[in-house]
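> Coordinates for the following, if possible.
(chains A and B)
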Amino acid sequence: DAGVIQSPRHEVTEMGQEVTLRCKPISGHNSLFWYRQTMMRGLELLIYFNNNVPIDDSGMPEDRFSAKMPNASFSTLKIQPSEPRDSAVYFCASSFRQFTGELFFGEGSRLTVL
Amino acid sequence: ELKVEQNPLFLSMQEGKNYTIYCNYSTTSDRLYWYRQDPGKSLESLFVLLSNGAVKQEGRLMASLDTKARLSTLHITAAVHDLSATYFCAVDGVNNAGNMLTFGGGTRLMVKP
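Numbers count the residues shown, from 1 in each chain, chains lettered A, B, ... in the order given. I've put the predicted structure just below:
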């Protein structure tokens, strides 16, 4: 099992640019989560999907952030335009709700916005 | 809104000592998870606690859940340097559509030789 796969692992961009983060969940999992981690705010849930449908996006900071899950094996988190305060590590995680609900995390995407 | 609080936030301890990390949460839940995170790394699942009174042990770590008290503990026995990491608890704020884990702020553990 390959685990949750995220790309890119590192992204450095300039303010105002569009950033797209990608995630491939574990095959067979039916829930997918995007978290953001910073020193100041800890781990924040941005959005989660159940069976490819967005269930709760109340953690998305503002309209600059959007997330999609077009199929069971792929999700994107897009920031447009990016700002320096978006600099963080973004984690994708997946789970199988009907089992234990345990989250399996990807390695994360470290974003730096200059 | 579900709130999850861990204490202490930072723990420095000597090798060989015992200590307990506490995780309190604000609303009813019977699913609680413990994760470990090494610096610059992802979160690794340690324990899954799915019922009141659940106890899980792995090596020098033991986790327990008291759903009535809304409290979980992570007990460290005879700490070793390799246990140095940040430990998070997470609680399942169950809703009809799926689970949503709320994480505590983390406990940064430093074990000194």
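
> chain center to the helix-or-strand element of chain B with minimal mean pLDDT: distance?
When the helices and strands of chain B are scored by mean pLDDT, DSSP states H and E, strand B:101-103 comes last with a mean of 88. In terms of CA atoms, centre = their mean, to the nearest Å, the centre of strand B:101-103 is found 11 Å from the chain centre.

> Might you list the low-confidence residue ranges for the chain?
Picking chain A for this. A:1 (pLDDT under 70).

> not what I meant, chain B
B:94-99.

> repeat that with 90
Filtered on pLDDT under 90, chain B yields the residue ranges B:1-2, B:27-31, B:50-53, B:92-102, B:113.

> What parts of it come near chain A?
Where proximity means CB under 8 Å from any CB of the partner chain, the interface of chain B facing chain A comprises B:31, B:33, B:35, B:41-45, B:48, B:50, B:88, B:90, B:92, B:95, B:97-103, B:105-106. C-beta here means a position set from N, CA and C on the backbone, and glycine is covered the same way.

> Spit out the contact partners of B:Thr102.
The contact partners of B:Thr102, taken as CB atoms under 8 Å, 6 or more residues apart in numbering or on different chains, are A:Leu45, B:Leu2, B:Lys3, B:Val4, B:Tyr25, B:Ala90, B:Val91, B:Gly93.

> Tell me the bridge partners for it.
B:Val91 (DSSP bridges).

> Checking residue 69 next. Helix, strand or coil?
This is for chain A. Using DSSP: H, G, I helix; E, B strand; the rest coil, the structure places A:Met69 in strand.

> actually chain B
B:Ala69 ends up coil, using three-state DSSP.

> returning to what we had before: just to be sure, which of the contacts of B:Thr102 are found in strands?
Using DSSP state E, the subset of the contacts of B:Thr102 located in strands is A:Leu45, B:Val4, B:Tyr25, B:Ala90, B:Val91.

> out of those, who's nearest B:Val111?
Relative to B:Val111, the closest of the ones in strands among the contacts of B:Thr102 is B:Ala90; by CB to CB it sits at 22.7 Å.

> A:Gly42 against B:Thr107, yeah?
No: A:Gly42 is not in contact with B:Thr107 according to CB atoms under 8 Å; the separation is 11.6 Å.

> out of the two, which sits in the more crowded spot?
B:Thr107 (21 against 14; other CB atoms under 10 Å in any protein chain shown).

> so how far is chain A from that one?
12 Å (CB to the nearest CB, to the nearest Å).

> Then B:Leu11?
Taking CB to the nearest CB, one finds B:Leu11 at 17 Å from chain A.

> what's the neighbour count on that residue?
18.

> mind checking which helix or strand it is in?
strand B:10-14 (DSSP states H and E).

> who does that strand pair up with?
In the sheet, strand B:10-14 lines up with strand B:107-112 (parallel) (DSSP bridges).

> And the residue of chain A closest to chain B?
A:Asn50 (3.6 Å; CB to the nearest CB).

> on that earlier part again, which of the contacts of B:Thr102 lies at the shortest distance from A:Arg64?
Nearest to A:Arg64 out of the contacts of B:Thr102 is A:Leu45 (CB to CB; 17.4 Å).

> In this structure that closest one contacts A:Gln37, no?
No: A:Leu45 is beyond contact range of A:Gln37, at 10.7 Å (criterion: CB under 8 Å).

> The residue nearest to B:Phe10 when sequence neighbours are not counted bridge partners, please.
Excluding its sequence neighbours, the residue lying closest to B:Phe10 (CB to CB, 6 or more residues apart in numbering or on different chains) is B:Arg108, at 4.9 Å. Taking DSSP bridges as the rule, B:Arg108 bridges to B:Phe10, B:Thr86.
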